[in-house]
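# Take this sequence and fold it.
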Amino acid sequence: MAINDIHYFPGHMQKALREISNKIKDCDGIIEVIDARAINASFPINLDSLINNKIKIAVLTKSDIASISNVDRQVSYLKNKGFTVYKLDVRNVSDCQKLTNYLNSIKSKKDEKFLKLGFPITKKRYMILGIPNVGKSTLINSLCKKYKAQVENKPGKTRAETLIQVSKYVEIYDTPGILSPNYEDKNLAYILASIGSLKIENFNKVNLSDFVLDFLKNKFPTLLIEKYSLIDDLNKNNEEILMRISKNRNFYLLNNVIDIERARDLLLKDFRNGYIGRISFDE
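Numbering: from 1, shown residues only. Next comes the predicted model:
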């Protein structure tokens with residue numbers, strides 16, 4: 001598939017976006033789950049118009065493998081847009097309890113009046129939004145302290161909206177990952193593929209690994225050198241760098257042929273999982 005022809009918006013996403021547009025009207029707020037390594041790319045532009053006049057919460061996932069200085073800048077940016085921001089390890093139930101406590105604490109003027117009169121307050125309903133494979137389902141499971149949502153480390157696992165009770169006062173909709181209808185900006189598509197939100201199978205692996213290598217050489221050369229024991233190799237072309245990685249890792253086929261494809265796979269896997277170091281595309 002040529003990068004300029006990417007149109008990754010399968011039927012279940014189109015249906016989900018329509019249903020989200022309808023159901024969000026009855027929600028008190030949204031919880032936008034965002035990959036801290038690529039905050040700008042993790043916020044689909046087609047969602048902006050849906051969340052006006054709602055309580056807005058941003059949960060940054062994977063901030064432990066993102067550039068600290070960039071995350072701090074982006075947190076300020078999101079707060080200026082009206083978001084309450086949490087940096088959470090969505091796998092950690094205790095960490096996610098901070099968000100549950102905040103959701104339970106939100107009271108409207110009507111709620112305050114009801115409490116004074118001794119009446120029960122109504123439940124608040126939130127919708128979890130975000131691109132595929134960003135940690136939405138894992139967050140829900142930690143909030144519920146149970147395995148309510150489907151979790152799998154590949155994009156497109158959740159296919160339908162599910163209403164889940166988090167506490168006595170809070171319930172949330174789990175939604176499928178939503179992407180922009182198409183990606184005319186090839187860099188944006190490559191970013192999403194490299195962090196695991198677009199399926200790598202939809203891309204030419206050589207082009208994608210070249211994108212990752214070029215990004216690291218330009219923005220984080222020290223991390224690249226240290227991870228793969230590269231010394232004077234960064235002035236070489238990408239294939240030569242991958243050959244060096246293959247030699248350093250002893251990746252060989254029969255007859256002592258260098259297995260460069262294995263090096264590509266390693267690079268993409270290491271990058272996706274944060275094994276190379278703390279990086280950010282929003283630098």
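
# Not counting its neighbours along the chain, what's nearest Ser142?
In this structure, Ser142 finds its nearest non-sequential neighbour in Cys96, 3.9 Å apart by CB to CB, 6 or more residues apart in numbering. Where C-beta positions appear, they are placed from N, C-alpha and C, glycine not excepted.

# Show me where the stretch 151-283 of the chain has its strands.
162-165, 170-174 (DSSP state E, counting those that start in this stretch).

# Paired strands for the longest one, with orientation please.
Strand pairing for strand 170-174, determined by DSSP bridges: strand 124-129 (parallel), strand 162-165 (antiparallel).

# residue ranges for the strands of the stretch 1-150 of the chain, please.
Under DSSP E, counting those that start in this stretch, the stretch 1-150 of the chain gives strands at 29-35, 55-61, 83-87, 124-129.

# May I have the phi/psi pair for the closest residue to Leu192 other than its chain neighbours?
Once flanking residues are discounted, Leu192 sits nearest to Leu198: 4.4 Å by CB to CB, 6+ apart. When read as degrees, to the nearest 10, the backbone of Leu198 gives phi -120, psi 140.

# Just confirm Leu198 contacts Lys186, I think it does.
No - Leu198 is not in contact with Lys186 according to CB atoms under 8 Å; the separation is 11.7 Å.

# Give me the residue ranges of the stretch 1-150 of the chain where confidence is low.
Low-confidence segments of the stretch 1-150 of the chain (pLDDT under 70): 1-17, 44-48, 146-150.

# For the residue nearest to Lys227 when sequence neighbours are not counted, give me its contacts.
With sequence-adjacent residues excluded and distances taken as CB to CB, 6+ apart, Lys227 is closest to Ile276, at 4.9 Å. Contact analysis of Ile276 by CB atoms under 8 Å, 6 or more residues apart in numbering lists 216, 220, 223-224, 227, 270.

# ok, which pair from those is furthest apart?
Spatially, the most separated pair among the contacts of Ile276 is Phe220 and Asp270, at 12.5 Å (CB to CB).

# The two: which is more packed in?
Phe220 (19 against 15; other CB atoms under 10 Å).

# how about stretch 193-207: buried residues?
Residues 193-198, 200, 203 are the ones in stretch 193-207 that count as buried (16 or more other CB atoms under 10 Å).

# Just the CA trace of that stretch, in CSV.
C-alpha atoms of stretch 193-207 as CSV (Å, rounded to 0.1, in the frame of the first residue of the first chain):
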residue,chain,number,x,y,z
ALA,A,193,2.1,3.0,12.8
SER,A,194,5.4,3.3,14.7
ILE,A,195,3.6,3.6,18.1
GLY,A,196,1.2,0.8,17.3
SER,A,197,-2.0,2.6,16.5
LEU,A,198,-2.1,1.7,12.8
LYS,A,199,-1.4,-1.8,11.7
ILE,A,200,2.2,-2.3,10.5
GLU,A,201,0.8,-4.7,7.9
ASN,A,202,-0.7,-1.8,6.1
PHE,A,203,2.7,-0.3,5.5
ASN,A,204,5.8,-1.0,3.5
LYS,A,205,8.1,-2.2,6.3
VAL,A,206,11.2,-0.7,4.6
ASN,A,207,9.6,2.7,4.4
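
# From the chain's centroid, how far away is it?
Averaging C-alpha coordinates over stretch 193-207 and over its chain gives two centres that are 14 Å apart (CA atoms, centre = their mean, to the nearest Å).
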